[in-house]
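# Just a sequence and a predicted model for now, questions to come.
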Amino acid sequence: MTSESPRAPRTLFEKVWDDHIVRPATESTPAVLYIDLHLVHEVTSPQAFTVLRERGLRVRRPDRTVATMDHSTPTTPRDQHGRIAIGDALAAAQLAQLERNCRDFGIELHELGAEQQGIVHVIGPELGLTRPGMTIVCGDSHTSTHGAFGALAFGIGTSEVGHVLATQCLLQRRPKTMEVRVEGALRPGVTAKDIILAVIAKIGIGGGTGHVMEYTGPAIRALGMEERMTVCNMSIEGGARAGMIAPDDVTFEYVAGRPRAPRGAAWDAALERWRGLPTDEGASYDRSVTISASELAPMITYGTNPGMGMRIDAPVPRPDSLSDGSERAALEKALRYMDINPGERLLGRRVDVVFVGSCTNSRISDLRLAAGVLRGRKVAPGVRMLVVPGSQQVKRQAEAEGLHTVFREAGAEWREAGCSMCIAMNGDSLAPGQYAVSTSNRNFEGRQGKGSRTFLASPLTAAASAVRGAIADARELTNA
Amino acid sequence: MPDTITPVRTVESPYVVLDAQNVDTDQIIPARFLKVTDRAGLGDALFADWRYDESGSPRPDFVLNRPEARGAEILVAGHNFGCGSSREHAPWALRGYGFRAVVSTRFADIFHSNALKNGLLPVTIPADVHERLMSWPANGVRPTLKIDVASQTLTLPDGTEVRFPIESFAKHCLLEGVDELGYLLNAGGEIAAYEEVHP
């Protein structure tokens, strides 16, 4: 839209939305929305390719489609030939199917162990595929991650994966907008993960349903790109399909020079476009919430959904303090599952496993935070700690910095790239009843393996808890 | 798959109550069942961790294992159903089991969209009506609900009619058996025109 006529001020979301309308919505039909980038992985795509085959359809824009293997892939270290063995026959068949689909339909694939393979939401940004102003989809709810670049990025189901493969478009009604303003500045030892856990605790896991969030305010501006990805990643845990952050110099600096980023004159033109994306002065949102970063402390979840979170030093809420009957029942059920007492403090509570990884917190800055706590310290006896880099590139970078040595010397496992224990469909999982402090995004019942119990927290809290063998506040170890 | 799908106009059936809030897609179908390349047979994995014990035997206290659940095509669940992952395996599992509608006070966006594409009706009703349904007196008969897509009404066991929202195009697709992919393919000319301007 390059109209010269004055128009009403628009939000970042509205600008990206307007730019991708192939056919506007009417009362009886949704908009046809163009998709710039379609990311594909092995778990949610096979049935979509089947539909294409059954109907004799081709992939409309293989050049806008990129596939990787991440969910069902093992993260066990390579053998002496540099290969990663796939022990699970079902997973092997699913991965082979993706390979075949990509070959048959001409789609770029980053197969297991390849140089740029990794979690789909880690490699998109890393390769410069993710850029401001784009529409990005993937059959994965954490596609919201890419919104950190000022892209409109959201998860879709497999039917819609088929729609995008065949037409590069989706049928969409325009969602509402919600501003999440984060005022002030974070204190030392408090991270992007703590911001988003606090936001979800405030609005609840359904609070953003039907909305696209835009994170604004000085505390968001002060975040680096990887931290912004952590925030946007968990928008879906607040019910919002997408979360966005207006692009700025931090964004442009991150994108510049990446393999798929535009260069030369194309870069200059892109930059000019991108600078016009931030929400206009006077534009309004359907809803707004504000939190204060300076009042935040490290957060931890105590229950079985990501909205059940609190300051790490707070007492676990008591069901009898809730007036709403169904909320009370939900909390009672969650605490029973977690085997946690109302009013209990979690600091000092024993844990079995610590997991650093997932599309929320597996980037190099996350690994640096965890390594910073572990350097010169040991993982407590009886605790298993897994550090799973988000991509092969993150892994190489960490190894170049010697972080893998820090992890190994501390007694942690240094693994291959993948979703690992965040989804526990790849051999990495908790035993029934075990407790984990996890930097991932979901603490649902059984999410990390049947009967597993998850405390969601930041990489700092995870590393400190590994050292103590119990839930710990990293600020006490590092004197932050 | 053909260009048309089976229309969904009405569902009339006894219902089962799943008394849990925020039922997430990991409960509907745990991730370990997602290592498949087709959509068949997922009904057996529906609510697997609630439905079966460690040895794989049905837990007698779980609602779907009780005799009154047999043949019920409508699930009435607690608030905010279907949150979490985008896995379409969730509606596939519900359909595979035999459910044709889920009733709640709120559905997560992606689940809602996925359900409609699989002929599974997500029926959103006000909290007070929902509360009545969750505790409807049995009196020896299985309470029955009727869902009518055209009039967007849910008829309660006592005959009370409650309207529910449904997006106009989704409604059209359900009633006429229109397949969204076919609709999008018909927009091919406009898509090409857009691509001309946005290379």
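Noted; the coordinates are in hand. Computed from a prediction, not measured in an experiment: that's the story for all the values here.

# Longest helix in chain A, please.
helix A:89-105 (DSSP state H).

# What residues of the following helix or strand past that one count as buried?
Sequence-wise, the next helix or strand downstream of helix A:89-105 (DSSP states H and E) is strand A:108-110. Judged by neighbour count using 16 or more other Cβ atoms under 10 Å in any protein chain shown, the buried positions of strand A:108-110 are A:109, A:110. No exception for glycine: its C-beta is placed from N, CA and C like everyone else's.

# Direction included, what does strand A:108-110 pair up with?
Neighbouring strands of strand A:108-110 in its sheet, by DSSP bridges, are strand A:65-68 (parallel).

# Now the longest helix of chain A - C-alpha only, CSV.
Written as CSV, here are the backbone C-alpha positions of helix A:89-105 (Å, rounded to 0.1, in the frame of the first residue of the first chain):
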residue,chain,number,x,y,z
ALA,A,89,11.2,-46.8,13.6
LEU,A,90,8.1,-44.6,13.5
ALA,A,91,10.2,-41.4,13.8
ALA,A,92,12.5,-42.7,11.1
ALA,A,93,9.6,-43.4,8.8
GLN,A,94,8.2,-39.9,9.5
LEU,A,95,11.6,-38.3,8.7
ALA,A,96,12.0,-40.4,5.6
GLN,A,97,8.5,-39.2,4.5
LEU,A,98,9.5,-35.6,4.9
GLU,A,99,12.6,-36.2,2.8
ARG,A,100,10.6,-37.8,0.1
ASN,A,101,8.0,-35.0,0.1
CYS,A,102,10.6,-32.4,-0.1
ARG,A,103,12.3,-34.2,-3.0
ASP,A,104,9.1,-34.8,-4.9
PHE,A,105,7.9,-31.3,-4.5
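
# Buried ones in that helix, by neighbour count?
A:90, A:91, A:92, A:93, A:94, A:95, A:97, A:98, A:99, A:101, A:102, A:105.

# Chain B next: which of these are close?
A:90, A:91, A:93, A:94, A:97 (Cβ under 8 Å from any Cβ of the partner chain).

# For the closest residue in space to residue B:42 that isn't next to it in sequence, give its distance to residue B:111.
In space, and not counting its chain neighbours, residue B:42 is closest to residue B:93: 4.2 Å by Cβ to Cβ, 6 or more residues apart in numbering or on different chains. For residue B:93, the distance to residue B:111 (Cβ to Cβ, to the nearest Å) stands at 12 Å.

# same deal with residue A:112?
For residue A:112 relative to residue B:111 (Cβ to Cβ), the value is 29 Å.

# Looking at those two, which is more packed in?
residue B:111 (30 against 25; other Cβ atoms under 10 Å in any protein chain shown).

# Do I have it right that that one meets residue B:24?
No. Using Cβ atoms under 8 Å, residue B:111 makes no contact with residue B:24, being 9.2 Å away.

# who touches both of those two?
Jointly contacting residue B:111 and residue B:24 under the rule Cβ atoms under 8 Å, 6 or more residues apart in numbering or on different chains are B:82, B:83.

# rewinding a little: tell me which helix or strand the residue nearest to residue B:42 sits in.
helix B:89-97.

# next structured bit after that helix?
With DSSP H and E, the next secondary element past helix B:89-97 is strand B:101-104.

# who touches stretch A:448-456?
A:197, A:300-302, A:306, A:309, A:337-339, A:346, A:351, A:355, A:421-422, A:424, A:429-444, A:446-447, A:471, B:30, B:32, B:49.

# And the longest strand seen in chain B, what does it pack against?
As assigned by DSSP state E, the longest strand anywhere in chain B is strand B:10-18. Applying 3 or more Cβ pairs under 8 Å, 6 or more residues apart in numbering or on different chains; DSSP states H and E, we find strand B:10-18 packed against strand B:74-77, strand B:101-104, helix B:127-134, strand B:144-148.

# Out of the ones you listed, which gets nearest to chain A?
helix B:127-134 (8.6 Å; Cβ to the nearest Cβ).

# The closest one near chain A at all?
No. Against chain A, helix B:127-134 shows no contacts by Cβ under 8 Å from any Cβ, the least distance being 8.6 Å.

# tally of neighbours for residue A:431?
11.

# Now name the helix or strand holding the residue nearest to it when sequence neighbours are not counted.
Leaving aside its sequence neighbours, residue A:431 sits nearest to residue A:449 (Cβ to Cβ, 6+ apart; 6.8 Å). Residue A:449 belongs to no helix or strand when elements are defined using DSSP H and E.

# pLDDT value on residue A:449, please?
Confidence at residue A:449, expressed as pLDDT, is 97.

# Which elements pack onto the host helix or strand of residue A:267?
Using DSSP H and E, the element containing residue A:267 is helix A:264-275. Contacts defined by 3+ Cβ pairs under 8 Å, 6+ apart place helix A:264-275 against helix A:249-255.

# helices or strands next to the helix it packs on in the packing?
Using 3+ Cβ pairs under 8 Å, 6+ apart: helix A:249-255 touches helix A:225-233, helix A:264-275.

# The residue nearest to residue A:313 when sequence neighbours are not counted: what's it in contact with?
Leaving aside its sequence neighbours, residue A:313 sits nearest to residue A:347 (Cβ to Cβ, 6+ apart; 6.0 Å). By Cβ under 8 Å, 6+ apart, the contact list for residue A:347 reads A:312, A:313, A:470, A:471, A:472, A:473.

# could you dump the residues you listed to TSV with pLDDT, neighbour count and secondary structure?
What follows is those, written out as TSV (pLDDT from 0 to 100; neighbours: other Cβ atoms under 10 Å in any protein chain shown; DSSP: H, G, I helix; E, B strand; the rest coil):
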residue	pLDDT	neighbour count	secondary structure
A:312	98	24	coil
A:313	97	12	coil
A:470	98	18	strand
A:471	98	23	coil
A:472	98	28	coil
A:473	98	22	coil
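
# and the two most separated of those?
A:313 and A:470 (13.6 Å; Cβ to Cβ).

# If you count neighbours, what's buried in stretch A:270-282?
A:270, A:274, A:277, A:278, A:279.

# and which of those residues is nearest to residue A:212?
residue A:279 (11.9 Å).

# How about the contacts made by that closest one?
Residue A:279 touches A:9, A:10, A:11, A:12, A:214, A:216, A:246, counting by Cβ under 8 Å, 6+ apart.

# any idea how far the nearest residue to the first one once chain neighbours are set aside is from chain B?
It stands for residue A:9. Once flanking residues are discounted, residue A:9 sits nearest to residue A:280: 3.5 Å by Cβ to Cβ, 6+ apart. Distance of residue A:280 to chain B, computed by Cβ to the nearest Cβ, to the nearest Å: 22 Å.

# same deal with residue A:178?
13 Å.

# Can you pull out the low-pLDDT segments for the chain?
Using chain A. A:1-6, A:479-480 (pLDDT under 70).

# Chain B, not that one
B:1-4.

# Give me the residues contacting stretch A:92-99.
A:40-43, A:45-46, A:49, A:67, A:69, A:72-73, A:86, A:109, A:111-112, B:35-37.

# if we can go back for a sec, what count of nearby residues applies to the residue nearest to residue B:42?
Residue B:93: 25 neighbours (other Cβ under 10 Å).

# Over to the one 4 residues further on?
Burial of residue B:97 is recorded as 19 neighbouring residues (other Cβ under 10 Å).

# Quickly note the distance from it to residue A:468.
44 Å.

# Enumerate every residue touching residue 90.
I'll assume chain A. Residue A:90 neighbours (Cβ under 8 Å, 6+ apart): A:72, B:35, B:36.

# Actually, chain B is the one I wanted.
B:25, B:28, B:29, B:82, B:111, B:114.

# Tell me which residues touch residue A:467, please.
Applying Cβ under 8 Å, 6+ apart, the residues near residue A:467 are A:373, A:374, A:377, A:378, A:379, A:380, A:410, A:477.

# what angle do the host helix or strand of it and helix A:225-233 make?
For residue A:467, the element it lies in under DSSP H and E is helix A:459-468. On the basis of axes from the mean of the first three to the mean of the last three Cα atoms, to 10 degrees, helix A:459-468 is oriented at 90 degrees to helix A:225-233.
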